[in-house]
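**Q** Sequence and computational prediction follow.
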Amino acid sequence: MKYKKISNYSYNIHIIKTNKFKTVTVEVNFKRKLVKEDITARNMLVNLLCESNMQYKTKRDLTIATEELYDLYYRGMNYISGKYNIMTFDVKFLNEEYTEEGMLNKSIKFLADLIFKPNITKKNNSISFNSDSYNLSYNLLKDSITSMKENPDMYARTRMLENMEPNSYLSYRGYGYIEDLEKLDNKKLYKYYESMLNSDIVDIFVIGNVNERSIVKIIKENFDCIKTFKKPSESHFTRPKKCRLVPKVSKEHQKINQSKLILGYKIDKMTDFELRYVLNVYSYILGGGPDSKLFKTVREENSLCYYISSIGNPLNSILTINAGINKDDYKNAVSLIKKEVSNMKKGKFNNEDIIKAKITYVNSLKELEDNPQSLISLYAGIEYLNSDSFEDRFKKINKVTANDVVKLASKIHLDTIYLLEGDIDG
Amino acid sequence: MDKYTLEKLDLKIYHEKMKNGLDVYIIPKDNVNGIYATLSTKFGSIYNEFVPIGHKKMVKVPFGVAHFLEHKMFEQKDGKDPFTFYSERGCDANANTSKYKTTYLFSGSNSFSECINYLLDYVQSPYFTDENVEKEKGIIEQEIKMYDDDPYFKMYDGIIYNAFIEHPIKYPISGTVKDIYEITKDDLYLCYNTFYHPSNMFLIITGNVDVNDAMDTVRVNQDGKEFDKLKSIKIKQYDEPNKVAKKEEKIKMDIEIPKLGIGYKIDCSKIKMNINDIKQYLSIVFDLKLGNTSLLNDNLKNLNLITHDIDFTFVNTDKHILVIIMVETEEISKVKKMIEEELQNLDITLEQLDRKKKVKKSNCIYRSDSIYSLNNKIMGNIMSYDEIILDDYKKVEQLNMKDLKNITDNINFDNKTVYIINKS
């Protein structure tokens, strides 16, 4: 596998040349500092661009076109990465070796057309998106936002974060907000689209068995609409506000069978080593899987839940623990969880736990190399989050000691407890 | 050990039947880091009436036993938890139960021979006690409740329940909370001893392994264990009527957008074709009529009746295919009517069929890049055809208008069950 970054243009090209895959994957990322109101607009925009374009006027035509391109896979989405909003488009298609000559060019052109040739209407010098497409994308986003509540887990996690810190990077809703959607209109959105092409930071990742020179040529031909002048990116990492001395407890009700319990912890200022490595080991031992402390205690010994896990979020310096329980077991579950978190502070884990966490880290990293999309996100991590190279990661994870974990544990404080209480008995 | 070529995929598959009857398949792939191994028994939630090994009479066990048993296999006499074993080696372990089979699996990138030995050892050494069986009930109860809160799971289970009358495919895989509280240690042993016999199981390994070493390891492991002789397992046969058990059900849930489900129960006994091949054709038909390349899907969106694509999936017994269609909409009756009208005409052009064949062929290649998809393909082949399809391309190539027409001419959509979830 060979990696090369080319920065001669108004965007960066990252080429990962490998013969591991029978496919070529291309991902284009537009990123910009996160502003709450933008989230909805960007979601709307990405839906719209993936809905139709000048050549394929409906989603149906677009999908049929992908089938003709040997079932090319495409996806567009917008997501939050700490202090940044990233809109990403990717296509994955079979290497020409398995299809026919010219497909590489055609497939990348398909991707570029999605981004640069939207389905627009020109009227008296003013440009807007095709109104049918606009309405379809509007309805889709509206439904996606409103039906978030139908996924009680996701809803509970979101509500916990909003209780922890309303209006902050860490609690913004990824899909956006109905209020913002209603304020949006076609013309405003088109303006936003233009500004995105002119001012977002753009990175293009290519992975597959490709010839560097020809791929750069194809990209140059197809991506000349990007007029961004290069500007440096800031760090994506954010810091939460001060932790509450007494944790905030909030409860909401829903007519569901299982109650969702979410505990939110804030982490005092971590060193770079802590947030990239120690947090990983800590969270693996506490609630990383079926062999973790929380799983063993809350599920196996006390039969209180089917799932329980902890997730460290280094971008926002928080840690969350979530479980699905019976509402009557709320107190018991919370106290068992608190006890396990406190045991971590006391160093009540053994060296084997540390070794397991490290081996798991190393192995999962190795397995990510087997999937083109995961490989791209690993390289995107190097570009965006200043992550270490693979080799350095293998070395550094192995330097984590029990002392490091205990030291980090002392920086982790409970801030918010949230319970989505199920009202259906039995 | 036999060796075969998976055509057009630059891959080989190796097979050996162990002396005890266990079938072992290996697809080595040296350009990846990972290894994925699955050990499956042809025992899923539908097998609840059978003649146990060493018995003469049919017995009936509670629903949900297969899934319960899967949970309890992770209990070991030495107290060591298989999850801990795999986690010590940086591997992931898991298991799942479906209507027809139960699968135990691990994935990782090192300590392969230890891991494969352990997989065979823990699945081949049950340890059920009254106490550990009791303990699991609270956990599975939470699992059932979690799925009960998901409108699509609820609808899926509901449609199957309302479509079938006699066949136990009717019941949810995990059983109900009431069912699982009836399960005892003895039920588990009864099922285990019968269905976990090696001759009812198969092992599939895909990924970065040395095929000879891997096969040797499995052989040594299996030859060192003793099993009772097992002829064939007698399972109760059901005479499932063509009609559905219940034509319509409406429920309420705490949801934002109402949901419509339709289950078409199709009698396949008149079509002289493997039921899985019929399913292939039906997937093309439904994709073209209701999927994201259909006119109907487009129309419904333009009329603002739906925003997300119509979803469809298939469940089958040896005689019936149940097509399950799910969609969310504020206008249940309009959408239902439009779907029903669309299915009145199943004409498909050669051009459409060819396009879908191109998609299916491309998917064969996509799949071969992933050790997980390859493993799943082999599992699917064994469960559906009882043999490995070596040339998937050819299989797709053989799809034709004549067979398609034979199927569309012989199915009718009279037998249906409708499931509606409204906002509470």
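**A** That came through fine.
**Q** Name the helix or strand for B:Asn381, please.
**A** With elements taken from DSSP states H and E, the one containing B:Asn381 is helix B:371-385.
**Q** wait, B:Leu322
**A** B:Leu322 belongs to strand B:320-328 when assigned by DSSP H and E.
**Q** just how off-centre is the next helix or strand after that strand within its chain?
**A** For strand B:320-328, the succeeding helix or strand toward the C-terminus, using DSSP H and E, is helix B:332-342. In terms of C-alpha atoms, centre = their mean, to the nearest Å, the gap separating the centre of helix B:332-342 from the centre of its chain is 29 Å.
**Q** what does stretch A:269-287 give?
**A** Taking the mean of its C-alpha atoms, stretch A:269-287 sits 19 Å from the chain's own mean (C-alpha atoms, centre = their mean).
**Q** That one near chain B at all?
**A** No - applying C-beta under 8 Å from any C-beta of the partner chain, one finds that stretch A:269-287 is not in contact with chain B, the shortest distance being 8.8 Å. The way it works is simple: take the backbone N, C-alpha and C, and place the C-beta from them, glycine included.
**Q** circling back to that earlier point, pLDDT averaged over the helix holding B:Asn381, what's the number?
**A** Helix B:371-385 carries an average pLDDT of 97.
**Q** Then stretch A:359-378?
**A** When the per-residue pLDDT values of stretch A:359-378 are averaged, the result is 95.
**Q** coming back round to it: the helix holding B:Asn381 and chain A in contact?
**A** Yes - against chain A, helix B:371-385 shows contacts by C-beta under 8 Å from any C-beta at B:Ile371.
**Q** Sort out which residues of that helix are buried, please.
**A** Burial within helix B:371-385, assessed by neighbour count using 16 or more other C-beta atoms under 10 Å in any protein chain shown, is assigned to B:371-372, B:374-379, B:381-384.
**Q** which of those lies closest to B:Phe63?
**A** Of all the buried residues of helix B:371-385, the one sitting nearest B:Phe63 is B:Met383; the distance, using C-beta to C-beta, is 20.7 Å.
**Q** ok, that closest one touching B:Lys42?
**A** Yes - between B:Met383 and B:Lys42 there is a contact under C-beta atoms under 8 Å: 7.4 Å.
**Q** Which neighbours do those two have in common?
**A** By the contact definition C-beta atoms under 8 Å, 6 or more residues apart in numbering or on different chains, B:Met383 and B:Lys42 are jointly contacted by B:100-101.
**Q** quick check, distance from the helix or strand containing B:Glu114 to the centre of its chain.
**A** Assigning secondary structure by DSSP H and E places B:Glu114 in helix B:112-123. On the basis of C-alpha atoms, centre = their mean, the separation between the geometric centre of helix B:112-123 and that of its chain is 23 Å.
**Q** Please work out which residue of the stretch 151-300 of chain B is closest to chain A.
**A** Taking C-beta to the nearest C-beta, chain A has its nearest neighbour within the stretch 151-300 of chain B at B:Asp254, 3.8 Å off.
**Q** State the distance from the residue lying closest to that residue once chain neighbours are set aside to A:Ile424.
**A** By the measure of C-beta to C-beta, 6 or more residues apart in numbering or on different chains, the closest residue to B:Asp254 outside its immediate chain neighbours is A:Lys255, 3.8 Å from it. For A:Lys255, the distance to A:Ile424 under the criterion C-beta to C-beta, to the nearest Å works out to 6 Å.
**Q** now swap in A:Glu101 and tell me
**A** Going from A:Glu101 to A:Ile424 by C-beta to C-beta gives 60 Å.
**Q** and if you look at B:His15?
**A** Separation of B:His15 from A:Ile424 (C-beta to C-beta) stands at 49 Å.
**Q** and which of the buried residues of helix B:371-385 is nearest A:Glu96?
**A** A:Glu96 lies nearest to B:Leu374 out of those, by C-beta to C-beta, at 22.4 Å.
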